[in-house]
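Asks: A structural model of the following input is requested.
(chains A and B)
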Amino acid sequence: KQEVTQIPAALSVPEGENLVLNCSFTDSAIYNLQWFRQDPGKGLTSLLLIQSSQREQTSGRLNASLDKSSGRSTLYIAASQPGDSATYLCAVWGNGNQFYFGTGTSLTVIP
Amino acid sequence: DAGITQSPRYKITETGRQVTLMCHQTWSHSYMFWYRQDLGHGLRLIYYSAAADITDKGEVPDGYVVSRSKTENFPLTLESATRSQTSVYFCASRMVSTEAFFGQGTRLTVV
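Replies: Numbering: from 1, shown residues only, chains lettered A, B, ... in the order given. As a prediction, the model looks like this:
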């Protein structure tokens, strides 16, 4: 069974800082990896999707990288803003047709 | 409206009652999923479906039943609700190589 881990569980940074969120997975046989954000009491919003053949994907201030062989992905957020405060989740899609989530990183950006 | 919708958004039911949560998507995505989200456990997969009339168990299927007679609908039924099934339930859909999209969630309370 695929195990997905996100470290740290919580992170607090001052506004303007660049930061990195980490995601690791145990089975490297994945089709793709997706990053989401979740605001309190809300659903999940898709941020970035990286296919297994890609190394990175960018959207605005967000950049996600994927190293499939080592079972790792990072989400880089540039020039953080208070509006970035949320829980960030990664999820991997693999051979078993199941879509597994990490437990998330709760990010607080302090004005 | 295009997208993925869940109903109801909020539900209170009594222990032992049957309750059905609905999920409808307009993209004709082949894969659909049901998750529950609980503090301390993150998102856990209940059931998933690769196509109409094809369903399979996830991590926590006990006490739940699903069906998928049409591609666009994937209802989740709690046959005899228990307090431990109090949770927020999310439905999602995707194709293999595309982003997964989530519904807004159903907050279920079993009293």
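Asks: and stretch A:42-57, end to end?
Replies: 25 Å (Cα to Cα, to the nearest Å).
Asks: so for it, what gets flagged as buried?
Replies: Residues of stretch A:42-57 classed as buried: A:43-44, A:46-50, A:52, A:57 (neighbour count, 16 or more other Cβ atoms under 10 Å in any protein chain shown). To be clear about C-beta, it is placed using only N, CA and C from the backbone, and glycine gets the same treatment.
Asks: longest strand in chain B, please.
Replies: Longest strand in chain B by number of residues (criterion: DSSP state E): strand B:42-51.
Asks: which outside residues touch the very next helix or strand once past it?
Replies: Using DSSP states H and E, the helix or strand that directly follows strand B:42-51 along the chain is strand B:54-57. Residues outside strand B:54-57 that contact it (Cβ atoms under 8 Å, 6 or more residues apart in numbering or on different chains): A:97, B:47-50, B:66-68.
Asks: helices or strands up against the longest strand of chain B?
Replies: Secondary-structure packing of strand B:42-51 (3 or more Cβ pairs under 8 Å, 6 or more residues apart in numbering or on different chains; DSSP states H and E): strand A:86-94, strand A:99-101, strand B:31-38, strand B:54-57, strand B:64-66.
Asks: ok, now with 6 Å
Replies: Secondary-structure packing of strand B:42-51 (3 or more Cβ pairs under 6 Å, 6 or more residues apart in numbering or on different chains; DSSP states H and E): strand B:31-38, strand B:54-57.
Asks: give the rounded mean pLDDT of it.
Replies: For strand B:42-51, the mean per-residue pLDDT is 94.
Asks: quick check: angle from it to strand B:31-38?
Replies: 160 degrees (axes from the mean of the first three to the mean of the last three Cα atoms, to 10 degrees).
Asks: strand B:42-51 pairs with which strands, and in what direction?
Replies: The pairing partners recorded for strand B:42-51 under DSSP bridges are strand B:31-38 (antiparallel), strand B:54-57 (antiparallel).
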